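Colleague: Quick one: sequence plus predicted model below, questions after.
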Amino acid sequence: MVRSMFSGVSGLRAHQRKMDVIGNNIANVNTTGYKSSRVTFTESLYQATAASSNGTATYGGKNGASVGYGSQVSTIDLQLATGAYSPTDSGLDCMIDGEGFFMVGAKNDAGFADTGDDASKAIAGLFLTRAGNFSIDGDGYLVDANKNVVYGYNYKAGAAPTTPGANAISPIRAFDGTDPADIYSYTGATINSSGEVTLTKADKSTIVIGKIGVVNVPNANALEKTSNGYYKAVANTGKVLPYGPGDGATGKLISYGLDMSNVDLASQFTDMITTQRGFQANSKIITVTDSMLEELVNLKR
């Protein structure tokens, strides 16, 4: 009977963890770029109570028997489907229509290569995000809502690079490519489907200052979630490399809009009900086992 109590406790813990995940999903139902998570359970430890045996010339074979000790959380998986398009009025708002993540982080104007192990190592030091609500700060850097600079391909003096270089990826910045203090003055800014950031000057002329980079993550479920909607490429992700939007199996961008949360409230509420009932059933195992133990203690009065 004590085994059943242990099983009930393990079931309570597993269902509590699942409710934690469901609660977080529902709390982020309107969070830009949020990707929901799901919990899967697996059976816990088993103890063999009888061994199996083969048949003989006289008797048949016998099956083994074992008693389990409940359940446990097996995985907490990211659900990375693209969310719905949420239109905005900002030309610097964009969403990835498909696979990939934006690169943001601290300033590193020296940049890094866009191929090979050097690129993967550099990206491991940055944050990855699906939230594309960007702006240009007073120093000309393209930044996200948390003041992290956005990485991609800079177009020096408005000219696109002809070939990728060792320092191909760097923070996108609105300057002429010769003097960082000479920041372009502009009256408007937009991002197109290819990720190119275009400034409109006071004389109505335009200049493209760079292209936003999008990271392809072969095993995106291995990304580690952090705060502020960021992910980190820590281990088991495969080789993460930057591309222009639409290249390297990444999605193109959709301008004047953001990637909404992909939380399906109907599914979350259904999971909440089944999780609650599972928790109640496991708590009942504990109370019934306790009653049985009480009867056992009271056999002799």
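Modeller: Sure thing, it's come through.

Colleague: OK, contacts around the spatially closest residue to S4 that is not a sequence neighbour?
Modeller: Spatial nearest neighbour of S4, chain neighbours left out: T289 (4.8 Å); criterion: C-beta to C-beta, 6 or more residues apart in numbering. (Each C-beta comes from the backbone N, C-alpha and C, glycine too.) When contacts are counted by C-beta atoms under 8 Å, 6 or more residues apart in numbering, T289 touches 1-2, 4-5, 8.

Colleague: What subset of these is buried?
Modeller: Applying 16 or more other C-beta atoms under 10 Å to the contacts of T289, the neighbour count classes 4-5, 8 as buried.

Colleague: and the nearest residue to I183 once chain neighbours are set aside, what is it in contact with?
Modeller: Closest residue to I183 apart from its sequence neighbours, by C-beta to C-beta, 6+ apart: G140 at 3.9 Å. For G140, the contacting residues are 173-175, 183-184, by C-beta under 8 Å, 6+ apart.

Colleague: For G257, state which of the residues you listed is nearest.
Modeller: Distances from G257 to the contacts of G140, taken as C-beta to C-beta, are shortest for A174 (22.3 Å).

Colleague: Now for the closest one, how many residues are close by?
Modeller: Around A174 there are 22 other residues, counting by other C-beta atoms under 10 Å.

Colleague: in terms of contact, does it touch P180 like I think?
Modeller: No: shown here, A174 and P180 do not form a contact pair, counting by C-beta atoms under 8 Å, at 10.4 Å.

Colleague: what number of residues lie near the closest residue to G91 other than its chain neighbours?
Modeller: If the residues on either side of it in the chain are set aside, G91 comes closest to T190, at 3.5 Å by C-beta to C-beta, 6+ apart. T190 is flanked by 17 other residues according to other C-beta under 10 Å.

Colleague: Output the contacting helices and strands for whichever strand or helix holds T190.
Modeller: Assigned by DSSP states H and E, T190 belongs to strand 188-191. Judged by 3 or more C-beta pairs under 8 Å, 6 or more residues apart in numbering; DSSP states H and E, the packing partners of strand 188-191 are strand 196-200, strand 252-255.

Colleague: Mind listing what's buried along that strand?
Modeller: Buried residues in strand 188-191 (16+ other C-beta under 10 Å): 189-191.

Colleague: In PDB, list the C-alpha atoms belonging to that strand.
Modeller: Once non-C-alpha atoms are left out, strand 188-191 reads as follows in PDB (Å, rounded to 0.1, in the frame of the first residue of the first chain):
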ATOM      1  CA  GLY A 188      11.200  57.500 -41.800                       C
ATOM      2  CA  ALA A 189      12.400  53.900 -41.700                       C
ATOM      3  CA  THR A 190      11.000  50.600 -43.000                       C
ATOM      4  CA  ILE A 191      12.000  46.900 -43.300                       C
END
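
Colleague: could you give the mean pLDDT of it?
Modeller: The pLDDT scores in strand 188-191 average 95.

Colleague: gap between it and the chain center?
Modeller: Relative to its chain's centre, strand 188-191 lies at 27 Å (C-alpha atoms, centre = their mean, to the nearest Å).

Colleague: Next, I96: secondary structure please.
Modeller: Under the three-state scheme (DSSP: H, G, I helix; E, B strand; the rest coil), I96 adopts strand.

Colleague: Based on its surroundings, how many neighbours for the residue nearest to I191 when sequence neighbours are not counted?
Modeller: With C-beta to C-beta, 6+ apart as the criterion, I191 has its nearest non-adjacent residue at 4.8 Å, and that residue is C94. Neighbour count of C94, defined by other C-beta under 10 Å: 28.

Colleague: residue contacts, C94?
Modeller: C94 makes contact with 132, 134, 191, 195, 212, 253-258, according to C-beta under 8 Å, 6+ apart.

Colleague: I'd like the contacts of T289 as TSV, with pLDDT and distance to L78 appended.
Modeller: What follows is the contacts of T289, written out as TSV (pLDDT from 0 to 100; distance: C-beta to C-beta, whole Å):
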residue	pLDDT	distance to L78
M1	61	40
V2	78	38
S4	88	34
M5	87	34
G8	90	30
